[in-house]
Each structure stands twice: as C-alpha cells, then as structure tokens.
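In: Pasting the sequence and the predicted coordinates here, then a few questions.
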Amino acid sequence: MAEPARIVPAGSLDLEVLARLHGQAFDEAWDAETFARILAAPGGFAFLARDEAGWAGFALCRTAADECELLSLGVMPGRRRRGVGRRLVERALDAARIRGARTLYLEVAEDNLAARTLYDGLGFLPVGRRRGYYARGPLRVDAITLRVDLPAVAQAQGARGP
C-alpha cells in the first residue's frame, strides 16, 4: 500500500511548481507571478502535497483579520480520491487557526460534486452563491460559497494533546 502524501509548506522557491500544478488541475492556469503576489502579501500561505510519484497537489490560502480564504486547492488528476485534498484542507485549517482565523471560506463550482463532498465531510456549510462565476466553455456555472467555523487555537491544540 502506498504511503500517504506528505504535506509541506510552500514558499517563494516553489512558485514554478505551484503554477505547474495549478495548470494541471484547472483549465485556466495561474502563473508563478500570481502565486508570488499572493504569497508575498500579508497572510498568504500555501502547502504542497508530495507522494512517492512526485507532487500530488497544493493549497493556497490568505488570512486577513480573523478570516481565512482557501483561494485554490488542486489535486493532480491521477491522485484524486486518495485523501490528498482532505489532507491539504486539514493542514490549511490548522494553519488558519494558528494565524488567528475564526472562519475559513472558499468557493466551489456547483457542479464539482467530489469537492463539495469533501468540504461537506469537513463541516463546511453553504453561505452564498455567485451566479455564473465559473466558465465551462460557453456555459457558466455558479460558485457556492462555503464556510467553516474554526475552534480557537488553544482548543484545537488541547484536543491534540502535548
């Protein structure tokens, strides 16, 4: 049985990797400059997932005040449905808590049932809708805005023990 993907912090040395992974996960790829701007801004952070075959996915977030937004989460097509996305989101949730966030928001395409199932299983609840937010060729798909409340850092750390 394969080892689970390792989740590691990503930084300025990983911009090309992040851009390449984003391009493999999405139709409209973000370039390295986009990742650089987000990571250089206050509150920006990212994680990479790596398994025995190489880079498996990424998560990109931004924290402001007591809120965090999961800006992008991508898992490589051949690595999906193996827990990589869940592990990336869990790591992002932990990092958001440590940074003082009380809530984490994200947007997901209404037709992305796999992602919606993942987020539902992690306790995210729908709080809004952006009509026609995502392009699917000539079609437009709504984005569902999801939110999860985060326990305070002391509570989260206490639950894990020393």
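Out: Done, it's in.
In: didn't residue 83 look like it was pressed against residue 4?
Out: Yes: the pair residue 83 / residue 4 is scored as a contact, 6.4 Å apart, by C-beta atoms under 8 Å. Just so you know, the C-beta spots here come from the backbone N, C-alpha and C atoms, and that holds for glycine as well.
In: Now do the strands in this protein.
Out: Taking DSSP state E, the strands of the chain run over residues 6-10, 44-51, 54-64, 67-75, 103-109, 125-136, 139-149.
In: And the fifth one, what's buried?
Out: Along strand 103-109, these residues count as buried under the neighbour rule (16 or more other C-beta atoms under 10 Å): 104, 105, 106, 107, 108.
In: who are the neighbours in contact with the last one?
Out: Just to be clear, that refers to residue 108. By C-beta atoms under 8 Å, 6 or more residues apart in numbering, the contact list for residue 108 reads 115, 116, 119, 143, 144, 146.
In: Could you tell me the per-residue confidence at the spatially closest residue to it that is not a sequence neighbour?
Out: Nearest non-adjacent residue to residue 108, counting by C-beta to C-beta, 6 or more residues apart in numbering: residue 115, 5.0 Å away. Residue 115 carries a pLDDT value of 94.
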